[in-house]
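Trainee: Starting from these lines, generate the structure:
(one chain, ligands or ions: 1)
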Amino acid sequence: MTSGLAGADFLPLGIASSDKPCPSANCFRFAGANRARIPASVSVMSPLTIMYMVSPRSSSMQLQVIDSHTEGEPTRVVIGGGPDLGNGDLQGRLQQLRDQHDSLRKQVIFEPRGSEVIVGALLGDPVDPVHAAGVIFFNDVGYLGMCGHGTIGVVTTLAHLGRIAPGKHAIETPVGIVQTELHGDGSVSVRNVPSYRYREAVAVDVAGYGRFVGDIAWGGNWFFLVGEHAYNLSVANRVELVAVTTAIRRALADSGIAGADGAVIDHIELFSKPVDPSNSSRNFVLCPGASFDRSPCGTGTSAKMACMYASGALQPGVPWLQEGILGTVFVGSVEVEAGKADSGAPQGQSVIPTITGHAWITAESTLLFDPSDPFPEGIAL
Ligand code: PYC
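Mentor: Sure, this is the predicted structure:
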């Protein structure tokens, strides 16, 4: 079944703060009591003011999205037209989205409207109204527990919509509540979920490439982190980097090497010395599909810092400057929280990472889905 707004009377043009001018003579504002006129199938965040106009193409399904990039890595936030997943917890909503509305993920991410590089984020009401939003992240192959660069993109999008001001804002995700702070200069700090090294120095034999030794760590997603290798971490070398990290991921799965409770390790992270010596490290991160993270990867930086902490190489509160493949940087640090820090982690090795980076809005768009389109869910390559 296709999700989204099909054949509705109104075409959502966008979501704006109430002081934004109306972009069209056909447009009127939907807010407060008028919110009841929004079709039940549309997931809308209550404090938002929404502009609608009568659709000239009422048979097309539409999704409203805002695009941004965080230190080079794109995020597409779905702000209107998505399915109603109710008000249950984010884990339950994720299950519903995956089981009943997976077409939304494909429509947002697949060509020709998207690409495998994009991380999507479905924005919804939080369970607890004191939180800023609930969000489910997804990509070309499935769903992400958490996404660091994506959270920075979501917070920047909420600020762009006029929904939040500089200050602290909690975001609900399927793997827990993430505290964020929007700073006055537009940068965003994300206080991630508890992160930990699960296994140290695990060897895996990779057909055609040889043996790699890495740590397995949780940073909101599962990572295999490799420090020793012969590869040059440069954009020019990206095809080779994707090939070797994909082979490592396949070898881990084939060898039965997994995260806690058999979780699939779907992110592979290589490290080297930074190009800019003022940074701490450079990384290359293979995402769950065939693409690599253009940013330094928030959950990957969290996993790295958890490993550094576990081996005594990073002290709480000391800045860690993670340079990504484009040379952009997330500034991170860890704290240890009594009682919370060791959930699921080897005793005493869990940390709460914070990463800080910047996102920039690149587009406000309405994605259109014509019923006669031969690729109703986009094109999976
Ligand atoms: O920033 O955590 C992250 C992330 C995960 C996948 C792509 N980016």
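
Trainee: residues in the stretch 251-381 of the chain within reach of the ligand, list them.
Mentor: With CB under 6 Å from any ligand atom as the criterion, the stretch 251-381 of the chain comes near the ligand at residues 287, 293, 295, 297-299. For every residue, glycine as well, the C-beta is placed using N, CA and C.

Trainee: Same list, those residues, but as JSON lines with neighbour count please.
Mentor: Below are those laid out as JSON lines (neighbours: other CB atoms under 10 Å):
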{"residue": "Cys287", "neighbour count": "26"}
{"residue": "Asp293", "neighbour count": "28"}
{"residue": "Ser295", "neighbour count": "33"}
{"residue": "Cys297", "neighbour count": "32"}
{"residue": "Gly298", "neighbour count": "33"}
{"residue": "Thr299", "neighbour count": "33"}
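
Trainee: Which two of those have the greatest separation?
Mentor: The span of those, defined through CB to CB, is set by Cys287 and Gly298 at 12.2 Å.

Trainee: neighbours around Ile379, how many?
Mentor: By the criterion of other CB atoms under 10 Å, Ile379 has 11 neighbours.

Trainee: list the contacts for the nearest residue in space to it that is not next to it in sequence?
Mentor: In this structure, Ile379 finds its nearest non-sequential neighbour in Glu111, 4.7 Å apart by CB to CB, 6 or more residues apart in numbering. Listed by CB atoms under 8 Å, 6 or more residues apart in numbering, the contact partners of Glu111 are 378-379, 381.

Trainee: Glu111 and Val117: what is the separation?
Mentor: 11 Å (CB to CB, to the nearest Å).

Trainee: what's the answer for Arg211, then?
Mentor: 30 Å.

Trainee: and those two? which has more neighbours close in?
Mentor: Using other CB under 10 Å as the criterion, Arg211 and Val117 rank with Val117 on top: 19 against 9.

Trainee: ok, Asp128 - contacts?
Mentor: Counted by CB under 8 Å, 6+ apart, Asp128 has contacts 170, 172.

Trainee: Give me the phi and psi angles of it.
Mentor: For Asp128, the backbone dihedrals (degrees, to the nearest 10) come out as phi -100, psi 120.

Trainee: what about the helices in this protein?
Mentor: 90-100, 102-109, 148-160, 238-254, 298-310 (DSSP state H).

Trainee: Put the alpha carbons of the longest one into PDB.
Mentor: Spelled out, that is helix 238-254. Below are the C-alpha coordinates for helix 238-254, written out as PDB (Å, rounded to 0.1, in the frame of the first residue of the first chain):
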ATOM      1  CA  ARG A 238      36.200   6.500  -2.400                       C
ATOM      2  CA  VAL A 239      35.400   3.600  -4.800                       C
ATOM      3  CA  GLU A 240      38.200   1.500  -3.300                       C
ATOM      4  CA  LEU A 241      37.100   2.500   0.200                       C
ATOM      5  CA  VAL A 242      33.500   1.500  -0.400                       C
ATOM      6  CA  ALA A 243      34.700  -1.800  -1.900                       C
ATOM      7  CA  VAL A 244      36.900  -2.800   1.000                       C
ATOM      8  CA  THR A 245      34.500  -1.800   3.700                       C
ATOM      9  CA  THR A 246      31.600  -3.600   1.900                       C
ATOM     10  CA  ALA A 247      33.800  -6.700   1.800                       C
ATOM     11  CA  ILE A 248      34.600  -6.300   5.500                       C
ATOM     12  CA  ARG A 249      30.900  -6.000   6.400                       C
ATOM     13  CA  ARG A 250      30.100  -9.100   4.300                       C
ATOM     14  CA  ALA A 251      32.900 -11.100   6.000                       C
ATOM     15  CA  LEU A 252      31.700 -10.100   9.500                       C
ATOM     16  CA  ALA A 253      28.200 -11.300   8.600                       C
ATOM     17  CA  ASP A 254      29.500 -14.500   7.000                       C
END
